[in-house]
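Let's see this in three dimensions:
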Amino acid sequence: MMFKKIKNHTTLLVSFIFFASFPVVEAQEDANIINWYYSTMFGTGYYKVGDTRVGIIQMPFSYTFKTTREKQDDYGIKLLVPVSAGFHSFDFNDIFDLPNNVATLSIVPGIELEYLISESWVLKPYINAGVGKEFTQNIWSWIYGAGIKSRWILPFQEGEFTLGNSLNYAGYSASEGSTRAMISFVTGLNWVTPLNFTLFNRNTNLGTHFVYYGYLNEIDFVEENNESFKVRNEFEIALTLGTHKPRSFLGFDYARYGLAFRYGENLRAVRLVSDFPF
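Model (predicted):
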């Protein structure tokens, strides 16, 4: 069945608890602190720019029509339907009333193709486009992106190294007049090694990755007092625990669980990760 193959790589309950532990400021001018594309593609986590703190819960639904990994075909195709909710004013007492505390909501569907260049090298061109809404001031935004990813896997002893690269063009155009576009280059290295114990009756492995995000034109973040912060470079390090076969939870499959720490000039972030982002 098609719906049984749809994968969501974020545990919603864990995300709720995760965000409840962070203090966030009151969002009197939410529209001023939104960078629509960054918030949509950030994933599930928390980031702080200047004095602004934003929590994001993302449900990255997807449906794989065909993949180069499982069937070793020359090409693959995947439908991506990420749904993101932003919380700019959140309190632990409101954890059971989350729908009424959502500041932004976005859905940016897209298509990702896979081309098997060699047994170890896969290229993934993609394109996506969608909409977002900010509820405080009733602002809509058109969000779009396109690019190409590269994943090269090198077996090493009992584990493997993966080198990832991507070139991306993305932006947004909001109904109140703000428009942004950016070009980014992302490169990263992931290392996975097997562990000598089982989890849920499955063999386990330990993974770690380091990723660099470079923006050819800075990403702008504007605070409530109209002070502007720019981010040109970001660095991310993550630690994950994975299983040889995915673990099913609430009808979805999870193969990895981990935490990533991202930092850059004026920016600090923590996010939940479930895969190497290439």
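
ranges for the helices of the stretch 1-150 of the chain?
2-5, 12-20, 36-41, 68-71 (DSSP state H, counting those that start in this stretch).

looking at the ones you listed, which one has the lowest mean pLDDT?
With a mean of 34, helix 12-20 has the lowest mean pLDDT of the helices of the stretch 1-150 of the chain.

Now do the SS call for the closest residue to Ser150 other than its chain neighbours.
The spatial neighbour of Ser150 that comes closest, neighbours along the chain excluded (C-beta to C-beta, 6 or more residues apart in numbering), is Asn165 at 4.5 Å. In short, each C-beta sits where N, CA and C put it, glycine included. Put simply, Asn165 is strand when judged by DSSP: H, G, I helix; E, B strand; the rest coil.

any idea how far Ser274 is from Asn165?
Distance, Asn165 to Ser274, using C-beta to C-beta, to the nearest Å: 20 Å.

Who has more neighbours out of these two?
Set side by side, Asn165 and Ser274 show more neighbours around Ser274, with 21 against 15, by other C-beta atoms under 10 Å.

looking at it, the more buried one is touching Gly258, isn't it?
Yes: at 7.3 Å, Ser274 counts as touching Gly258 under the criterion of C-beta atoms under 8 Å.

Mutual contacts of the two, please.
Common neighbours of Ser274 and Gly258, counting by C-beta atoms under 8 Å, 6 or more residues apart in numbering, are Thr240.

which stretches of the stretch 151-278 of the chain form strands?
159-174, 179-199, 202-222, 228-249, 252-264, 267-273 (DSSP state E, counting those that start in this stretch).

which parts of the longest one are buried?
Which is strand 228-249. Using 16 or more other C-beta atoms under 10 Å as the test for burial, strand 228-249 gives 229, 231, 234, 236, 238, 240, 242-243, 246-247.

And the shortest one, by the same measure?
Residues of strand 267-273 classed as buried by neighbour count (16+ other C-beta under 10 Å): 267, 269, 271-273.

What of the third one?
Residues 205, 207, 209, 211, 213, 215, 219, 221-222 are the ones in strand 202-222 that count as buried (16+ other C-beta under 10 Å).

Identify, from those residues, the entry nearest to Ser175.
Val222 (16.6 Å; C-beta to C-beta).

thinking again about what came up before, quick one: which of the buried residues of strand 228-249 is nearest Ile143?
Val231 (18.1 Å).

hmm, back to that, I'd like the strands of the stretch 151-278 of the chain laid out as TSV, including mean pLDDT and distance to Thr68.
Formatted as TSV, these follow (pLDDT from 0 to 100; distance: least, C-beta to C-beta, whole Å):
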stretch	mean pLDDT	distance to Thr68
strand 159-174	92	14
strand 179-199	87	18
strand 202-222	85	21
strand 228-249	79	18
strand 252-264	81	17
strand 267-273	91	22
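
out of those, nearest to Thr44?
Among these, if distance is taken as C-beta to C-beta, the winner is strand 267-273, at 4.6 Å.

May I have the beta-bridge partners of Ala269?
Tyr47, Arg262 (DSSP bridges).

gap between Gly188 and Ala129?
25 Å.

same deal with Tyr213?
21 Å.

Can you give me the pLDDT of the residue minimising distance to the centre of the chain?
By C-alpha atoms, centre = their mean, the chain has its centre lying nearest to Gly43, at 2.9 Å. With respect to pLDDT, Gly43 scores 87.

shouldn't it be in contact with Asp275?
No: the criterion here is C-beta under 8 Å, and Gly43 misses it with Asp275 at 10.2 Å.

I figured Leu259 hits Ser274, correct?
No: using C-beta under 8 Å, Leu259 is not in contact with Ser274; the gap is 10.8 Å.

which residue sits closest to Asp73 in space, ignoring its chain neighbours?
Lys66 is the one closest to Asp73 (C-beta to C-beta, 6+ apart), at 6.2 Å.

list the contacts for the one you found?
So Lys66 contacts 73, 75-77 (C-beta under 8 Å, 6+ apart).

Mind doing that once more with 10 Å?
Shown in contact with Lys66 (C-beta atoms under 10 Å, 6 or more residues apart in numbering): 73, 75-78, 113-114.

Glu112 too?
So Glu112 contacts 62, 64, 76-80, 124-128, 149 (C-beta under 10 Å, 6+ apart).

Closest to Gly86 out of those?
Asn128 (17.8 Å).

Counting neighbours, what do you get for the closest one?
Neighbour number of Asn128 under other C-beta under 10 Å is 20.
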